[in-house]
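Undergrad: Any chance you could fold what I've pasted below:
(one chain, ligands or ions: 1)
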Amino acid sequence: MGVEIRVEGLTKSFGRQVIWQDVSLTIPAGEISVLLGPSGTGKSVFLKSLVGLLKPDRGHIWIGDRDLPNLPESQLYETRKLFGVLFQDGALFGSMNLFDNIAFPLREHTKKSESDIKRIVFEKMELVGLLGAENKLPGEISGGMKKRAGLARALVLDPEILLVDEPDSGLDPVRTAFLNQVFIDLSAQINATFLIVTHDINTARTVPDNIGLLYQRNLAMFGPREMLLSSEEPVVRQFLNASKIGPIGMSEEKDASELEAEAKMGHDPGKLPPIPPQQMPTNGLLRAGQHAPGAWCAAHGVVPPPGSFIDDLGRNWVEEWPRYVASLAPAGAPTAPGQFPGGPPPGQYGAGAKY
Ligand SMILES: Nc1ncnc2c1ncn2[C@@H]1O[C@H](COP(=O)(O)OP(=O)(O)OP(=O)(O)O)[C@@H](O)[C@H]1O
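TA: Predicted structure coming up:
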């Protein structure tokens, strides 16, 4: 099921420049989470801190019972093996063909035989749809293939956590959609927790189970996809509507007078459009993060605003509750929606239902 990442009070600065401070969130095990934020808000710095490439000034990153920033070097090295990282450009070695690039971590970090290495490399290349390209050099393939090769390499050590930095950078919308489908299919097939940094609103709206938004040196929000996609927060609405109106300015946040002027003119970031269906795995696999409506909220102590949680069949559980009670609820099941925030308890919902 992957592992949960629990971040507590994380703060990072470079000299006098505070990148973000007191960031706390729990990235649920086995689910896909997306991190958004205006350029320069420190999303890449956050990824690098999670994997131990940058040391935060203070705070904790709990991976199970290990607090990453406070581990001795030897244990940090071991814990890093739990992570697979896909960097923006795939970070491939230009002089090696794809097979050797993907085999690299196995040859560096394990004592596996060449026949085992070959089997694993081919298995991962198949997972990302790259079989047949093993002899190509990075310079001979497209940007999308480079990302998939980088992804295969990030997978060879069977990571528990997969960190992905801007998979959409340099890709057209169609290739981005294909790559997103690879992530979703992968997530259903392997046991890993995914965190994807992206600027692509379509990805954020359809791919993840959870969304976070970094803004003004803080984590503005983190929660289930549906929570952010129905948020009333101006900064969330501005970002997801890709609007110039709202607190985010050209290079940093707007000042109070600019915001006042916008308000006087009646400008507003606008309502968010209806929540689109979540992208599902192909071949009928279930999403790893699929669970009963309301389960995440219950586990995390979030009480959703009435009507804002809708399952992947588009049912609003507040409105649908009477129908659920009439037709689906087994004898002895609760008969009032308030007993379970957002929907029925585990095991009492249709296939694929989601809060
Ligand atoms: N090693 C470093 N030393 C000093 N400053 C750094 C370092 N790495 C990043 N920064 C600074 O931290 C800030 C955040 O950078 P980061 O790349 O994490 O932003 P980002 O949110 O990922 O941006 P983008 O969306 O444009 O990729 C930037 O101002 C950057 O210059």
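Undergrad: And the nearest residue to residue 90 once chain neighbours are set aside, how far from residue 5?
TA: What sits nearest to residue 90 in space, not counting adjacent residues and going by CB to CB, 6 or more residues apart in numbering, is residue 150, at 3.0 Å. From N, CA and C alone the C-beta is placed, and that goes for glycine too. Using CB to CB, to the nearest Å, one gets 21 Å for the distance from residue 150 to residue 5.
Undergrad: Likewise for residue 107?
TA: Distance from residue 107 to residue 5, by CB to CB: 28 Å.
Undergrad: The two - which one has more neighbours?
TA: The residue with more neighbours, out of residue 107 and residue 5, is residue 5; 24 against 13, by other CB atoms under 10 Å.
Undergrad: Look up the closest residue to the more buried one, ignoring the ones flanking it.
TA: Counting by CB to CB, 6+ apart, the residue nearest residue 5 is residue 27, at 4.2 Å.
Undergrad: how deep is that neighbour tucked in, by neighbour count?
TA: There are 23 residues near residue 27, going by other CB under 10 Å.
Undergrad: Ramachandran angles for it?
TA: Backbone torsions for residue 27, taken as degrees, to the nearest 10, come to phi -90, psi 110.
Undergrad: again with residue 42
TA: Given degrees, to the nearest 10, the pair of backbone angles that residue 42 has is phi 90, psi 30.
Undergrad: Surely it and residue 19 touch.
TA: Yes. With contact defined as CB atoms under 8 Å, residue 42 and residue 19 form a contacting pair (3.8 Å).
Undergrad: which residues are common contacts for these two?
TA: Common contacts of residue 42 and residue 19 (CB atoms under 8 Å, 6 or more residues apart in numbering): 12, 217.
Undergrad: Tell me who's in contact with the residue nearest to residue 5.
TA: 4-7, 33, 193, 195, 210.
Undergrad: if you set the cut-off to 7 Å instead, what comes out?
TA: 4-5, 33, 193, 195 (CB atoms under 7 Å, 6 or more residues apart in numbering).
Undergrad: Likewise for residue 134?
TA: 97-99, 125.
Undergrad: Now with 10 Å, please.
TA: Under the criterion of CB atoms under 10 Å, 6 or more residues apart in numbering, the contact list for residue 134 reads 97-103, 118, 121-122, 125, 149.
Undergrad: can you check residue 54 too?
TA: Counted by CB under 10 Å, 6+ apart, residue 54 has contacts 12, 14, 19, 44-48, 69.
Undergrad: same check, this time on residue 82
TA: Applying CB under 10 Å, 6+ apart, the residues near residue 82 are 2-3, 5, 51, 63-64, 66, 68, 157-161, 192-193.
Undergrad: one more time with 8 Å
TA: Contacts of residue 82 were listed using CB under 8 Å, 6+ apart, and they are 3, 63, 159-161.
Undergrad: hmm, back to that, put together TSV for the contacts of residue 134, with secondary structure, distance to residue 142 and neighbour count on each row.
TA: Listed next are the contacts of residue 134 as TSV, based on DSSP: H, G, I helix; E, B strand; the rest coil; distance: CB to CB, whole Å; neighbours: other CB atoms under 10 Å:
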residue	secondary structure	distance to residue 142	neighbour count
97	coil	16	18
98	helix	12	25
99	helix	18	20
100	helix	19	16
101	helix	15	25
102	helix	17	28
103	helix	21	23
118	helix	25	15
121	helix	20	23
122	helix	21	16
125	helix	16	23
149	helix	10	27
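Undergrad: longest helix of the chain?
TA: helix 173-189 (DSSP state H).
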